[in-house]
Every structure is written in C-alpha cells, then in structure tokens.
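Undergrad: Let's see this in three dimensions:
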Amino acid sequence: MDQITFHYDTVLSEVHMLLPSAQHLMTRLNGVGQPVFMSKFKILGEKHNNDQGKGMVKEEKYKNPGGSSGNSKTGTHGENAIEGGEENVPFLDEDGDFDIMHRPRKNPLEASDRDLVCPVILKQSSPVLEQEEENTDDEEGHCFKDVIRIEHTMATPLEDVGKQVWRGAFFLADFILSEPALFSGATVLELGAGTGLTSIIMATIAKKVYCTDVGEDLLGMCTRNVTLNKCKMEPAGGEVKVRKLDWLQHGLCTDADMEFSWTEEEVADLHNSTSFIIAADICYDDDLTDGLFRTLYQLCSNFNHTCTIFLSIEKRMNFTLRHMDISCEAYHHFRHCLSQLKHLVDGWCRYKVEQLPSNFAQFLLYERVEQLELWKVTTTPLSSEQA
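TA: The predicted structure follows:
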C-alpha cells in the first residue's frame, strides 16, 4: 500500500475530524487491507461545559516576527493598518478582500539535506507485538482507568461504517455514565456495536454485556478492543461477550463450528436475564432499520419480563435529487418504525415509546450537536389473562 486514498463513496465520521484530543495512531492493516488506527478517549469525572465538549481547537493569538502578539497591529500594512489603535480592523487588499498574514514556514527540503521518506506498510504487525501491546496501556505499563483505547478504521465504504467511531456512541455512553445506578449489575444486549466502545463503557457498570454485530473482521476488531480495555471493566466485575447477531436473519447462530456463535446457555441467559437493549447510531439504511425493529420485536416477544431499550440516533440532513431539497429520510423512517412499535397490539407485549431529554452530563469529548437524540422503548409482557 503506497498511499491511502479517499474514494467518492467513502464515509468519514465527524469524530475523527473534530476531535483533536484523540491520539490517532496507525497500528496495522486488518484482514481486508484497511488501515487500522488506535485512538485514546478520556473519560472525564464530572460534567464540563459545552465549549469544552465540542472538540474544537482553541484559537491562538498570532505572534508576528517582531515579537508582538494578539490582534494589535504595530506595523503598517496598506491603508487599513492602525498604529497603536485598540480597534480590531481587518486588513483589506486593493480589491477589498481580506488579506490574511501567514507565519512564514521553512521548506523542509531546505532545512535538511535528508530526502523525504514515505513509509510503506508491507505486512500486518507481529502477533507477539500485538499481545505485548494488549498487556500495556502506555510506555510504562500502567493502566489508566479513565482512558478508553479503541482500534478503528477511518474512511470506509458505507457497508463498513461500523468500523468507525460515531457521535451517537459517545452520546449513548454519556447517558450510561450519568445513570450508573440504573445499569449496575444488569445483563445488557447491544445491537450493532461496531467497535464496541459503548459495550466497553457499559461493562464498567453492568454485570454482563452481549456485544453483537456482523462480519468476522468487525467482530474481531471488537474483540481486540474489549481485550485492550479489560482493566477498566475488572473493578466492576463486568464481562463482555462478542457475538454475531444478524438483523436480516431469523434466530441466533448456535453452530459451534462458527466463530462468534452463541451457546445454548447464552441464548437462555439472553432471554431470561436481559434487562436492557442498547443501540447507537445504527439507523442509516431503511432495510437495516426494518431489520432492527423486527429483531427487537422477536427478542422482546421471548422475554417474560420488562425490558428497556435505549436508542441513540443523529438526525442527518442530506440533499436528495428525488426531492431536490434537504431531507432526513433515514431519520423519518426510524420515527415511522417507532410509531408502528408504539401502536402495535399483538397480544404479547405492550410498548411505550418516549424521547428522553439530552441535557444529561457529558463525560466524553465530542461535539454534542442538537441533532443527537435518545429514545427509550419500554416493553412489558402481558399477563395470560390480558393476552
């Protein structure tokens, strides 16, 4: 691989573009030849204000070569310069456009006699080195309990967006961290877990988390992320089990010869013990959204107890040629499915749907935009008399 190219059909998460605090480090190539990066996300102990949480770079005052800083202009620069003035007046060129002064930069070829080197990755990293990395969280081998390490890809085709980190996962993780008593000691199922970030956060509070998605390459990445963050889950006794769950197929895979399959004991535990189902930012395709709600219906129909579902979603605006206007088709289809579930009368369960306020504490650094929403669905099985 000589270089990384972003094709017209690739998708890049806003988290990777707007989060300068995350340390992106390319570590290896995955099984399909995609570059895999390592990012570190810090969990804050208390709520911070929105300006800190938006992941934007703070502006630095420009220092001119003469040593002065700030917006004052001690020298002259055309007719618009003000000597010793306190008023902030922009520089304009002869055409009336903004004329911005840039700090002079040295040409790297002039600063050094060495030739530029473009590294080329020839093979995946050694399994021995990967194992050593899993056993350490930094250079000194210490485990930082307030830092989550996640392996992920960056720009991917639409079918591989689960390999990236999305704002909806942070949004749901914030809610989990703000309600520890709610999830303490619970058994939780996550649908469409992707890199596993939300499941890992949940396992720092809950007793057991079934972290599910599809695709061996994605599930393998998720398993590795769980291993990288075991020290965060151990104090609470949390456990994460990575399993395959395909929304477009009926039932769970219990074939022992298949990787990430379910055991009969796990299926029974899922049906008998699951108190919460969570999913983050997974409704971007109508067919998958339909499959998601069919899966939720099938699962809840097998529960003999009340189950609470938390769904985070980002309302994305897109320009469509069909409407020749801005629309939110994926979001509107999601809301339509919620409405159908709310009014469903099948004789098995009662469904209550409500949107939760989004003013809970923010523990992770990302841009919490107003388009992020959190929905709660409560399923209550009907008694035999009611049925």
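Undergrad: Only C-alpha atoms from now on, for both contacts and neighbour counts.
TA: Will do.
Undergrad: how about the strands in the chain?
TA: Listed in chain order, the strands of the chain (DSSP state E) span 10-11, 25-29, 35-42, 147-152, 156-157, 187-191, 208-213, 239-244, 274-280, 307-314, 318-320, 325-327, 349-356, 372-381.
Undergrad: what's the angle between the longest one and strand 349-356?
TA: Right, strand 372-381. In terms of direction (axes from the mean of the first three to the mean of the last three Cα atoms, to 10 degrees), strand 372-381 departs from strand 349-356 by 160 degrees.
Undergrad: who does strand 372-381 pair up with?
TA: strand 307-314 (antiparallel), strand 349-356 (antiparallel) (DSSP bridges).
Undergrad: taking the mean pLDDT, what do you get for the last one?
TA: By that I understand strand 349-356. Mean pLDDT, computed over strand 349-356, is 96.
Undergrad: Check the first one too.
TA: Mean pLDDT, taken over the full extent of strand 307-314, equals 97.
Undergrad: Give me the residues contacting it.
TA: With contact meaning Cα atoms under 8 Å, 6 or more residues apart in numbering, strand 307-314 is reached by 167-169, 171-172, 274-283, 300, 331, 371-380.
Undergrad: filter those residues to the buried ones?
TA: Buried subset of the contacts of strand 307-314 (neighbour count, 16 or more other Cα atoms under 10 Å): 167-169, 171-172, 274-283, 300, 331, 372-380.
Undergrad: Make CSV out of the strands paired with strand 372-381 and add mean neighbour count and distance to A155.
TA: Listed next are those as CSV, based on neighbours: other Cα atoms under 10 Å; distance: least, Cα to Cα, whole Å:
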stretch, mean neighbour count, distance to A155
strand 307-314, 21, 19
strand 349-356, 16, 31
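Undergrad: Any figure for the gap between Q298 and Q340?
TA: Distance, Q298 to Q340, by Cα to Cα, to the nearest Å: 15 Å.
Undergrad: what number of residues lie near the nearest residue in space to I201 that is not next to it in sequence?
TA: Leaving aside its chain neighbours, I201 sits nearest to A173 (6.3 Å; criterion: Cα to Cα, 6 or more residues apart in numbering). Neighbourhood size, A173 [other Cα atoms under 10 Å]: 22.
Undergrad: And the pLDDT at A173?
TA: Reading off the model, A173 has pLDDT 98.
Undergrad: Likewise for T212?
TA: 98.
Undergrad: number of nearby residues for K145?
TA: 16.
Undergrad: cool, and A181?
TA: Counted by other Cα under 10 Å, the residues lying close to A181 total 12.
Undergrad: What's the separation between it and T187?
TA: For A181, the distance to T187 - Cα to Cα - is 13 Å.
Undergrad: now V147
TA: To T187, V147 is 24 Å away according to Cα to Cα.
Undergrad: what's the answer for F334, then?
TA: Separation of F334 from T187 (Cα to Cα) stands at 26 Å.
Undergrad: M233 touches S199, doesn't it?
TA: No - using Cα atoms under 8 Å, M233 makes no contact with S199, being 10.4 Å away.
Undergrad: Pull the contacting residues for G215.
TA: Neighbouring residues of G215 by Cα under 8 Å, 6+ apart: K244.
Undergrad: make it 6 Å
TA: For G215, no contacting residues are found, by Cα atoms under 6 Å, 6 or more residues apart in numbering.
Undergrad: how many other residues sit next to L197?
TA: Neighbours around L197, by other Cα under 10 Å: 25.
Undergrad: meant to ask about Q340, not that
TA: Other residues near Q340 number 13, with proximity taken as other Cα under 10 Å.
Undergrad: swap in D269?
TA: Neighbourhood size, D269 [other Cα under 10 Å]: 12.
Undergrad: how close does C231 sit to F144?
TA: According to Cα to Cα, C231 stands 8 Å off from F144.
Undergrad: picking that back up, comparing V147 and T187, which residue is more hemmed in?
TA: Neighbour count, other Cα under 10 Å: between V147 and T187, T187 has more, with 23 against 16.
Undergrad: Okay, and the beta partners of that one?
TA: With DSSP bridges as the rule, T187 is bridged to K208, T274.
Undergrad: Quick check: it touching I205?
TA: No - between T187 and I205 there is no contact under Cα atoms under 6 Å: 10.3 Å.
Undergrad: How about residues contacting stretch 337-344?
TA: 351-353.
Undergrad: Stretch 268-285 now?
TA: So stretch 268-285 is contacted by 168-169, 187-191, 289, 303, 307-313, 330 (Cα under 6 Å, 6+ apart).
Undergrad: Please repeat the previous calculation with a cut-off of 7 Å.
TA: 168-169, 172, 186-193, 289, 302-303, 307-314, 330, 334 (Cα atoms under 7 Å, 6 or more residues apart in numbering).
Undergrad: do the same with stretch 172-180
TA: 198, 201-202, 205, 280, 312, 360-364.
Undergrad: buried ones in that stretch?
TA: The neighbour-count check on stretch 172-180 (16+ other Cα under 10 Å) flags 172-178 as buried.
Undergrad: all helices of the chain, in order?
TA: For the chain, the helices defined by DSSP state H cover 14-18, 50-53, 108-111, 127-134, 167-178, 180-183, 197-203, 216-228, 230-233, 264-273, 286-301, 329-342.
Undergrad: Could you give the average pLDDT over stretch 288-295?
TA: 96.
Undergrad: Equivalent analysis for stretch 25-42, please.
TA: 84.
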